[in-house]
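# below are the sequence and a predicted model; questions follow.
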Amino acid sequence: MSRIHEALRKAELDRSNQVVDATVALDSRVAAPASEQEAAPDVHMQHRVSTVTSVGPLPIEELQARCARPQWRPDPNLNVFSTPILSVNAAEQFRTLRSRLYQLRNNQPLQTLLVTSAAQGDGKTSVTNNLAQAIVRQPDRRVLMIDGDLRASRLHVPLGAPRTPGLSDYLRGDIDEIAAIQHGQEGGLFFIPSGNPVTNPSELLANGRLRVLLDRVAAAFDWVIFDSPPCVPVADASVIADVCDGVLLVVRAGQTAWPSAQKASQELRGKNVVGVVLNTVEKDAFGYGSYYGSGYGANDRPANSNKLNMMQ
């Protein structure tokens, strides 16, 4: 029995040694890659930090020297200041809108502005473009227009500007801020188009790079004005509004349904809606309305001294 006991004990010890040896071998196989992995994150982390570290606002001199300079071919039919004889009333309404915004800025921070609407076709892109045109007609004023509609962009059309590269490419990290900016004609108007088509616009707009963009470039401009998708069907406008000082809501006379306007107001609750523009008002609809062809412009009576309101 003692020999049997000793044999069993010896076999048990042998098995234990094999398990220990196997464990050590397994640990050695895992340990080597682990040590390599410990060194690798330092390299990747250094690269990641270097690519996202902010270096402060970009001066206008650097923007002007390095931004893209394609030749814009503006469409005069989409700019109320290009045909003053036919659109004098509409142009004057955009000057009024410009003045109201400056009055508001005397009492609150208001540099970055989002222009949106309840539904497609209400005229938000036309209002964005012509408001910017009105501002840069003042001496030494600079405006950056940004096409934040990554779904059905149109802001490049009135400018006759290239659509790419632009905002979507910047938000994906494919280009830097300066590569996204265009300055295609003399004067103070600059432009970031929508960029290449994407399948995830809401996620891109919310990834944090939009705020970085404004931190980098906004100080070089008197105004930064965003166009966006309608705020009722998709959430993009609400996301952009979170990084803007104010929101301008465009309502189309005779087209925007009252429930849609109410829904838009609900979607923008908690945002700083500085006013509403009533677009495509028929001539003399209120005794002093403005028009441009089928109608640009707005009624010019303010509702009160604290809010810009271009609606009757």
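Sure thing, it's come through. Quantities reported herein were computed from a predicted structural model and do not represent experimental measurements.

# list the residues that contact Val143.
Taking Cβ atoms under 8 Å, 6 or more residues apart in numbering, we find Val143 in contact with 132, 135-136, 188-190, 221-225. Glycine gets a C-beta too; all of them are placed from N, C-alpha and C.

# return the per-residue confidence for it.
pLDDT recorded at Val143 is 98.

# give me the beta-bridge partners of it?
In this entry, Val143 is beta-bridged to Leu189, Trp223, by DSSP bridges.

# where in the stretch 51-200 of the chain is pLDDT low?
For the stretch 51-200 of the chain, the stretches with pLDDT under 70 are 51-54, 84-87.

# swap the cut-off to 50 and go again
Where the stretch 51-200 of the chain drops to pLDDT under 50, the residues are 51-53.

# what about the strands in it?
Assigned by DSSP state E, counting those that start in this stretch, the strands in the stretch 51-200 of the chain fall at 112-117, 143-147, 189-192.

# which of those sits closest to Pro165?
Pro165 sits nearest to strand 189-192 of all the strands of the stretch 51-200 of the chain, at 9.4 Å, using Cβ to Cβ.

# what's the first helix or strand after that closest one?
Where DSSP states H and E defines the elements, the next helix or strand beyond strand 189-192 is helix 201-205.

# now do the next helix or strand after that following helix: everything it contacts.
The C-terminal neighbour of helix 201-205 among helices and strands, as given by DSSP H and E, is helix 209-217. Residues from elsewhere that reach helix 209-217, judged by Cβ under 8 Å, 6+ apart: 52, 54, 56-58, 63, 112, 144, 170-171, 173, 177, 180-181, 224, 239-240, 243.

# tell me what angle helix 209-217 forms with strand 112-117.
For helix 209-217 against strand 112-117, the angle by axes from the mean of the first three to the mean of the last three Cα atoms, to 10 degrees is 140 degrees.

# and helix 209-217, which residues are buried?
Residues of helix 209-217 classed as buried by neighbour count (16 or more other Cβ atoms under 10 Å): 209-210, 212-214, 216-217.

# outline the domain layout of this protein.
Domains of the chain are assigned by automatic domain parsing as 1-53, 60-279.

# can you give me the buried ones in stretch 182-197?
Neighbour-count burial for stretch 182-197, counted by 16+ other Cβ under 10 Å, picks out 182-185, 188-195.

# equivalent analysis for stretch 263-278, please.
For stretch 263-278, burial by neighbour count (16+ other Cβ under 10 Å) applies to 263-264, 267-268, 271-278.

# what's the closest of these to Asp75?
Nearest to Asp75 among the buried residues of stretch 263-278, with distances taken as Cβ to Cβ, is Val277, at 20.9 Å.

# which residues does Ala180 contact?
Going by Cβ under 8 Å, 6+ apart, Ala180 touches 165-167, 169-170, 192, 195, 213.

# skipping adjacent residues, who's closest to it in space?
Nearest non-adjacent residue to Ala180, counting by Cβ to Cβ, 6 or more residues apart in numbering: Tyr170, 4.5 Å away.

# these two touch, right, the one you found and Glu177?
Yes. Under the criterion of Cβ atoms under 8 Å, Tyr170 makes contact with Glu177 at 6.6 Å.

# so which of those two has more stuff around it?
Tyr170 (23 against 19; other Cβ atoms under 10 Å).

# who are the contact partners of that one?
Residues counted as contacts of Tyr170 (Cβ under 8 Å, 6+ apart) are 176-177, 179-180, 192, 195, 209, 213.

# now stretch 88-103: buried residues?
Across stretch 88-103, burial judged by 16+ other Cβ under 10 Å covers 89-98, 100-101.

# just stretch 106-118 next, same as before
By neighbour count with 16+ other Cβ under 10 Å, stretch 106-118 contains the buried residues 110-118.

# in those residues, find the pair that's most separated.
Maximum pairwise distance in the buried residues of stretch 106-118, criterion Cβ to Cβ, is 25.0 Å, between Gln111 and Ala118.

# any idea how far Ala152 is from Pro201?
To Ala152, Pro201 is 10 Å away according to Cβ to Cβ, to the nearest Å.

# identify the contacts common to these two.
Common neighbours of Pro201 and Ala152 (criterion: Cβ under 8 Å, 6+ apart): Pro229.

# which one of those two is surrounded by more residues?
Between Pro201 and Ala152, counting by other Cβ under 10 Å, Pro201 is the more crowded of the two (22 against 10).

# quick revisit: list only buried entries from the contacts of helix 209-217.
Neighbour-count burial (16+ other Cβ under 10 Å) applied to those gives 58, 63, 112, 144, 170-171, 177, 180-181, 224, 239-240, 243.

# redo the residues you listed as TSV? Include distance to His156.
Shown next, in TSV, are the buried ones among the contacts of helix 209-217 (distance: Cβ to Cβ, whole Å):
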residue	distance to His156
Leu58	22
Leu63	19
Thr112	20
Leu144	14
Tyr170	15
Leu171	17
Glu177	18
Ala180	13
Ile181	13
Val224	17
Val239	21
Ile240	17
Val243	21
